[in-house]
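Peer 1: Dropping a prediction and its sequence here:
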Amino acid sequence: MNLKATNKTETNKYELEIEISAEDFNKAIDEVYKSEGKKMTIPGFRKGKAPKAFIEKYYGESVFFEGALDKLYRPALMDAVEASGLEVISIGQADITAVSKEDGVQMKVTVVVKPEITIEGYKGIEATKKKVEVTDADVSGELTKVQDRNSRMVTVDNRAALTGDTTVIDFEGFCDGVAFDGGKGENFELSLGSGQFIPGFEDQIVGHEVGEEFEINVKFPEEYQAENLKGKDATFKIKLHEIKRKELPVLDDEFAKDVSEFDTLDAYKDSIREKLQSDREKAAESDVENQIVEALIEKVQGEIPDEMYENEVEESINSFAYRLQSQGLNLETYLKYTGMDTEALKAQFKPQSEKQVKVRLALEKIAELENLEPTEEEVEAEFEKLAKTYEMEVDKIKNIVAEAQVKADLKNQKAVDFVKANAVVKTEE
């Protein structure tokens, strides 16, 4: 197998002329005969016992050509790509230009290569960092959320229902005096003010007491999902069984002990403040990095082949499908639920995928221009980090994740750090 020529046909595209020797081709034919000849029946021979020459005479000399080409195509292509020295990102269909036992195989394959891009002005990119502060109101807001998570529902029997209460009701709906499908429920828990039911429904339960039976009148929205109910006036018969309200725990030292590792409420508040500060600092740093990345995208110059974007979209969809699988769903079910097809999903992923391609190309170019290379220690540390993340031994991780990929990721991160270190970051007033 041999690369005869590498011909550039257009920007980012080359045609590889590949030759498979007669010796290799005939050897592959013999291998196919040994596996496939056993399945063939030739008059005058027991099944699978006919010599190769008789089978070729009966079916034609090319009877084993396709099988031989299937065996040889990929190795020949991979050898040719390696010999070409090109960084191939996509491979087209092979065009077999000649094939015979005497001369072997001649074929041409068009490949798409990684584009050569340029980037200027990546030093001194301007970005604005948001001012970070945590107020007493922010801390109180977080405490309220914790209170809510630790609340309990208590039954109310000494007053009428109020907005914010949870009621237990029976209901049945009628249009023009006739009950309609889906309009009936028993012992249904409804939080008043939640907007769970159509406008006006929950408001008319407010003011009623446990044990009351009453009617409420509402109008279905014009955009309601059920065609037969759109814009219709309806009456609901209601029976109110129970009123419940949320009881929040008292904010004191005992509360702090129950929900945290701290002995006092003040210490717990301090920890909330510190965490909010840390989280917002991280968010502000992430926002600065996003601004820098967006600026880098604008500075990428070069003709990027569509195949590169398409590959990125496919990878994004595969990753998305894997995440769905971890949640007990598959991609086909997701598409059915959302009413999308594969093309619509690709369109959804395309804008972000195009950004990812441009960012990666920009970072790779910057790493090249600035001679940014990870050390052996950094590569080993990254493998150890991956092993810890996936709870596997380092040696097993190395068998799964290629060292070249780890180095590439580290180079890109070094490029990000370099651009950030050379950026002009102003803090928001």
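Peer 2: Received it, and whenever you're ready, just let me know what you need.
Peer 1: Spell out the residue ranges of the strands in the stretch 151-300 of the chain.
Peer 2: Ranges of strands in the stretch 151-300 of the chain, per DSSP state E, counting those that start in this stretch, are 152-156, 166-175, 178-191, 213-219, 233-247, 300-301.
Peer 1: burial measure for residue 320, as a count.
Peer 2: Residues lying near residue 320 (other CB atoms under 10 Å) number 15. (Each C-beta comes from the backbone N, C-alpha and C, glycine too.)
Peer 1: before we move on, the earlier item: can you put the strands of the stretch 151-300 of the chain in TSV and add distance to residue 363, mean pLDDT and mean neighbour count?
Peer 2: TSV is the format used below for those (distance: least, CB to CB, whole Å; pLDDT from 0 to 100; neighbours: other CB atoms under 10 Å):
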stretch	distance to residue 363	mean pLDDT	mean neighbour count
strand 152-156	52	93	12
strand 166-175	53	95	18
strand 178-191	49	92	13
strand 213-219	58	95	14
strand 233-247	50	95	17
strand 300-301	10	94	15
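Peer 1: right, and residue 108 touches residue 95 too?
Peer 2: Yes - counting by CB atoms under 8 Å, residue 108 touches residue 95, with 4.7 Å between them.
Peer 1: who has more neighbours, these two?
Peer 2: residue 108 (16 against 11).
Peer 1: And the strands in the stretch 301-429 of the chain?
Peer 2: Remark: strands assigned in the stretch 301-429 of the chain by DSSP E, counting those that start in this stretch are 424-427.
Peer 1: how about the helices of it, start to end?
Peer 2: In the stretch 301-429 of the chain, the segments counted as helices under DSSP state H, counting those that start in this stretch are 306-326, 331-338, 342-369, 376-389, 394-400, 403-421.
Peer 1: Out of these, which gets the lowest mean score?
Peer 2: Mean pLDDT is lowest for helix 331-338 among the helices of the stretch 301-429 of the chain, at a mean of 86.
Peer 1: What are the buried residues along it?
Peer 2: If you call a residue buried by 16 or more other CB atoms under 10 Å, then helix 331-338 has these buried ones: residue 331.
Peer 1: What of stretch 195-205?
Peer 2: For stretch 195-205, by 16+ other CB under 10 Å, it's 197-198, 201-202, 204-205.
Peer 1: now do stretch 155-164
Peer 2: Within stretch 155-164, the residues scored as buried using 16+ other CB under 10 Å are 156, 161.
Peer 1: swap in stretch 313-322?
Peer 2: 313, 316-317.
Peer 1: and the closest residue to residue 277 other than its chain neighbours, helix, strand or coil?
Peer 2: Using CB to CB, 6 or more residues apart in numbering and skipping residues adjacent in sequence, the residue nearest residue 277 is residue 134, 5.1 Å away. On the three-state scheme (DSSP: H, G, I helix; E, B strand; the rest coil), residue 134 is labelled coil.
Peer 1: quick one, phi/psi of residue 134?
Peer 2: Dihedral pair for residue 134: phi -120, psi 120, per degrees, to the nearest 10.
Peer 1: So which of the strands of the stretch 151-300 of the chain is nearest residue 9?
Peer 2: strand 300-301 (22.2 Å; CB to CB).
Peer 1: Residues contacting that closest one, please?
Peer 2: Contacts to strand 300-301, defined as CB atoms under 8 Å, 6 or more residues apart in numbering, come from residues 117-120, 358, 361-362.
Peer 1: Which among those residues count as buried?
Peer 2: Buried members of the contacts of strand 300-301, scored by 16+ other CB under 10 Å, are 117, 119, 358, 361-362.
Peer 1: Residue 329: which of the buried residues of stretch 313-322 is nearest?
Peer 2: Checking those against residue 329 by CB to CB gives residue 317 as the nearest, at 14.0 Å.
Peer 1: so how far is residue 179 from that closest one?
Peer 2: Separation of residue 317 from residue 179 (CB to CB, to the nearest Å): 46 Å.
Peer 1: can you pull the contacts of residue 168?
Peer 2: 187-190, 240-244.
Peer 1: one more time with 7 Å
Peer 2: Counting by CB atoms under 7 Å, 6 or more residues apart in numbering, residue 168 makes contact with 187, 189, 241-242.
Peer 1: of all those residues, which two lie farthest apart?
Peer 2: Greatest spacing in the contacts of residue 168, by CB to CB: 189 and 241 (10.0 Å).
Peer 1: longest helix of this protein?
Peer 2: Secondary structure assigned by DSSP state H gives helix 265-299 as the longest helix of the chain.
Peer 1: Break this structure into its domains for me.
Peer 2: Taking automatic domain parsing as the reference, the chain has its domains at 2-114, 152-247, 280-427.
Peer 1: and residue 140, which of these is closest to it?
Peer 2: Nearest of the domains of the chain to residue 140, taken as CB to CB: domain 280-427 at 16.1 Å.
Peer 1: How far off centre is that closest one?
Peer 2: Here the centre of domain 280-427 is set off from its chain's centre by 11 Å, with CA atoms, centre = their mean, to the nearest Å.
Peer 1: gap between the two ends of it?
Peer 2: End-to-end distance of domain 280-427 (CA to CA, to the nearest Å): 14 Å.
Peer 1: re the thing from before, mind listing what's buried in the longest helix of the chain?
Peer 2: Along helix 265-299, these residues count as buried under the neighbour rule (16+ other CB under 10 Å): 265, 268-269, 272-273, 276, 280, 284, 288-289, 291-293, 295-297, 299.
Peer 1: Which other helices and strands does that helix contact?
Peer 2: Other elements packing on helix 265-299 under the criterion 3 or more CB pairs under 7 Å, 6 or more residues apart in numbering; DSSP states H and E are strand 126-129, helix 136-149, helix 253-259, helix 342-369, helix 403-421.
Peer 1: Tell me what angle that helix forms with helix 342-369.
Peer 2: Helix 265-299 and helix 342-369 are oriented at 90 degrees to each other (axes from the mean of the first three to the mean of the last three CA atoms, to 10 degrees).
Peer 1: Helix 265-299 vs helix 403-421, what angle?
Peer 2: 100 degrees.
Peer 1: Next, the angle helix 136-149 makes with helix 265-299.
Peer 2: Calculated by the same axes, to 10 degrees, helix 265-299 forms an angle of 110 degrees with helix 136-149.
Peer 1: Now do the helices in the stretch 1-150 of the chain.
Peer 2: Counting by DSSP H, counting those that start in this stretch, the stretch 1-150 of the chain has these helices, from start to end: 22-36, 52-59, 65-84, 136-149.
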